[in-house]
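Asks: turn this into a model:
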Amino acid sequence: MIKFTNANIYRNSAANEILVKDGVIQQVGKNLPAAEEEIDLKGRLVVPPYVDAHLHLDYVYTAGNAGATNDTGTLFEGIARWHDVKKTQSFEDAKERALKGIQEEVSKGVQFIRTHIDVCDPNLTGLKAMLELREELKDNVTIQIVAFPQEGMYAYKGGAEMVEEALKMGADCVGSIPHFEWAREIGEKSIHKTVELAMKYDKLIDVHCDETDDVMSRFVELLNALVMIEGIGSRTAASHTCSFGSADNAYAFRMMGLFEKSGMNFIALPTENAYLQGRQDTYPKRRGLTRVKEFWENDINVCFGQDSINDPWYPAGNGNLMNILDNGIHLAQTMSMPQLDTCLDLITFNGAKTLNIEDQYGLDVGKPANFLVLDADSPFEAVRQRADVLASIRNGKYLFKKPEPSYDIELDVFRKTK
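Replies: Presented below is the predicted three-dimensional model:
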């Protein structure tokens, strides 16, 4: 039995202790029974693990590869560059890079990852590597795999068949990219196929949806309608939806009501879409984010993800979701004091809801003892200071623990310089 004491527990001001046995939370409260081991958290904030709801682990660390340079900085050139780059990857290379990306994310507090793996590849190299890693690392990080046709279900010959094969091999989610198909009707066909495959194989859905500045790209409308008809809105995510951020209010507010009705989830990618979108704009220049503020205020589930780490679409990225959160709340203008106290939801609870893992996620009795200790004493200070993760606990044991922050020479602003 282990008892974590003197904790500031996110969303639970009435408790300051967590009692864990055999990797499971037994009690949460105050003055809990003594345990064989007691760990004093010194008043620091305890939150559930970070959830990266959208990442491309087969692309990571390829930005410096020959032919990967994206001169226009657009989504579409990135896809063209990846078409050539992926032909050079081996199974060993794909697995090594993905493992490095996972390690980088986990070192920053992520314990749950949904990764989109490109299946527009006759050999399914990236998928095979990720299926192995998912199994090998399952005790320390939970990975969901999206069967994602980066070059289109139909723009890429045999793409829809490759998605289905990936589902048979064990992918968790059906993906698609309707705005990349060659015509609106074909994009709609890919949405219908996505829902059909999800129903056939009992899979989750995560669509790269309307990642464009074109306000007439409205595939999110069809996706929402189809999953609402089938009653699987809560098992569905629409990623990006950049064009919805540019849509007129008459359309947007009608759709908001339908999104509420369906229960569909939304994933915004603040850093990458701020970098990719608005490339053809002069000024005013759009920043590429969907309507995060309106979703949040209307109880439509929305969360944030990293998206890319050093690939043909985005040269930066390091898996630090506190950085993603910081960018996202600035771009969405969601920084009132109440919002600053709760916006950690965007990289924790909301992501868990999107991944449909709420039964195993959170600081509740009976759930796995998975949580982070942040270098802050409140949610507000954690966000304001972009707090570091001092410890990551998985099933009651440390994944990592950092030493107490300290100085070799402490700051003294009154020191004598002469």
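Asks: could you pull out the helices for this protein?
Replies: 75-85, 91-106, 125-136, 159-169, 184-201, 219-230, 249-262, 270-276, 292-297, 321-331, 337-342, 349-354, 379-384 (DSSP state H).
Asks: including mean pLDDT and mean neighbour count, could those go into CSV?
Replies: Any C-beta I mention is one placed from the backbone N, CA and C, and that applies to glycine too. Shown next, in CSV, are the helices of the chain (pLDDT from 0 to 100; neighbours: other CB atoms under 10 Å):
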stretch, mean pLDDT, mean neighbour count
helix 75-85, 91, 19
helix 91-106, 98, 20
helix 125-136, 98, 20
helix 159-169, 98, 19
helix 184-201, 98, 18
helix 219-230, 98, 20
helix 249-262, 97, 15
helix 270-276, 97, 24
helix 292-297, 97, 19
helix 321-331, 98, 21
helix 337-342, 97, 14
helix 349-354, 98, 24
helix 379-384, 98, 19
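Asks: of all the ones you listed, which one is nearest residue 308?
Replies: helix 270-276 (5.5 Å; CB to CB).
Asks: elements contacting that closest one?
Replies: helix 321-331 (3 or more CB pairs under 8 Å, 6 or more residues apart in numbering; DSSP states H and E).
Asks: in TSV: the helices of the chain, plus distance to residue 409.
Replies: Converted to TSV, these look like this (distance: least, CB to CB, whole Å):
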stretch	distance to residue 409
helix 75-85	45
helix 91-106	30
helix 125-136	42
helix 159-169	55
helix 184-201	58
helix 219-230	54
helix 249-262	54
helix 270-276	34
helix 292-297	42
helix 321-331	27
helix 337-342	32
helix 349-354	40
helix 379-384	24
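Asks: residue 53 is nearest to which of those?
Replies: That would be helix 349-354 among those, by CB to CB, at 4.3 Å.
Asks: for the closest one, name the packing helices and strands.
Replies: Helix 349-354 packs on strand 50-55, strand 110-118, strand 265-268, strand 302-304, going by 3+ CB pairs under 8 Å, 6+ apart.
Asks: how about those, which one is nearest residue 212?
Replies: Of all these, strand 265-268 comes closest under CB to CB, at 14.8 Å.
Asks: what lines up beside the closest one in the sheet?
Replies: Sheet neighbours of strand 265-268, with direction, are listed as strand 236-240 (parallel), strand 302-304 (parallel) (DSSP bridges).
Asks: I'd like the ones you listed as JSON lines, with mean neighbour count, distance to residue 189 and mean pLDDT appended.
Replies: Output for these, formatted as JSON lines (neighbours: other CB atoms under 10 Å; distance: least, CB to CB, whole Å; pLDDT from 0 to 100):
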{"stretch": "strand 236-240", "mean neighbour count": "29", "distance to residue 189": "17", "mean pLDDT": "98"}
{"stretch": "strand 302-304", "mean neighbour count": "29", "distance to residue 189": "27", "mean pLDDT": "98"}
